[in-house]
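K.L.:
For reference, the sequence and a predicted model appear below.
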Amino acid sequence: MKILKKTKDILIAVVIIVAIWQVTIWVTDIEEALLPPPITVAKAIVSMLVNGVFFVHLKASLSRFLVGYLSAAILAVVLGLSLGRIQKLWDIANPIVQVLRPVSPIAWSPFIVLWFGIGSTPAIVIIFIAAFFPILLSTISGVKKVDSTYLKLARNLEIKQPHLMSKIIFPAAFPAIANGLHIGIGTAWIFLVSGEMVGSQSGLGYLIVDARNLLRLDLVLAGIIFIGICGLLLDRGIRLLERWIERQWGMSPSD
């Protein structure tokens, strides 16, 4: 029943968006070249699915995304667990992190292209930077907020590393880590498109740039829709993984 209700809500939302889109075209009388109507974009989507163009670019984007995001997630969680436990180390690293964190990954693109050339690597590096800091800071925050009762109990039971980290600290900090993973996956997916606009010859970002150069705004909008749907599916996937891990630890009901 819950799945049916969610599906119904999604369909209603889609109908509302499409209706507003079409009404806007009617009311403003905007030219189709500037804002293609929903039916034209729908035909472009079907065409891209039928001829396989979408799947070719999606495969390229997902491969880059997984390499960049997973690398950032693993490194950020490992560093976050260490920095969150060692205050002196965090005192040194904190100013560096706070200076680098606000800098947009795209601002590094001139150096990234010079250092790594063109192709997939610049996009992967940009994805890595975009995902790294949200996950790192969320992990550190989660470790610092671990209930001191757990740590006292661990000392009384003489639980030492690495069991202290794997059995006590990581599970207790996991909700904050999961929140960082959600934020990281969103920012990484956003900057994936920007990264693929820098020297890539494939991927969803390149698809949009190529369609723009051809003045095919229907394909541009189709690419934007694909990017949004894929981002939503990725977010849902990480949520399912989070719930599975919580069930393994008995942190949530097994519904």
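P.N.:
Arrived safely.
K.L.:
The helix or strand hosting residue 183 packs against which elements?
P.N.:
Using DSSP states H and E, the element containing residue 183 is helix 170-196. Judged by 3 or more C-beta pairs under 8 Å, 6 or more residues apart in numbering; DSSP states H and E, helix 170-196 is in contact with helix 53-85, helix 120-144, helix 204-213, helix 217-248. Any C-beta I mention is one placed from the backbone N, CA and C, and that applies to glycine too.
K.L.:
Please identify the deepest-packed of these.
P.N.:
helix 120-144 (a mean of 24; mean count of other C-beta atoms under 10 Å).
K.L.:
Could you tell me the angle between it and helix 204-213?
P.N.:
130 degrees (axes from the mean of the first three to the mean of the last three C-alpha atoms, to 10 degrees).
K.L.:
Now do helix 120-144: which elements does it pack against?
P.N.:
Contact partners of helix 120-144 among helices and strands, from 3+ C-beta pairs under 8 Å, 6+ apart: helix 53-85, helix 87-100, helix 109-116, helix 170-196.
K.L.:
and residue 139, which of these is closest to it?
P.N.:
helix 53-85 (2.6 Å; C-beta to C-beta).
K.L.:
Quick one: list the elements packing against that closest one.
P.N.:
In this structure, helix 53-85 packs against helix 38-50, helix 87-100, helix 120-144, helix 170-196, helix 204-213, helix 217-248, with contacts taken as 3+ C-beta pairs under 8 Å, 6+ apart.
K.L.:
got those helices as CSV, with distance to residue 20 and mean pLDDT columns?
P.N.:
Listed next are the helices and strands packed on helix 53-85 as CSV, based on distance: least, C-beta to C-beta, whole Å; pLDDT from 0 to 100:
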stretch, distance to residue 20, mean pLDDT
helix 38-50, 10, 90
helix 87-100, 40, 91
helix 120-144, 30, 91
helix 170-196, 23, 86
helix 204-213, 22, 86
helix 217-248, 14, 84
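K.L.:
Residue 15: which of those is closest?
P.N.:
Nearest to residue 15, of all the helices and strands packed on helix 53-85, is helix 38-50, at 10.6 Å by C-beta to C-beta.
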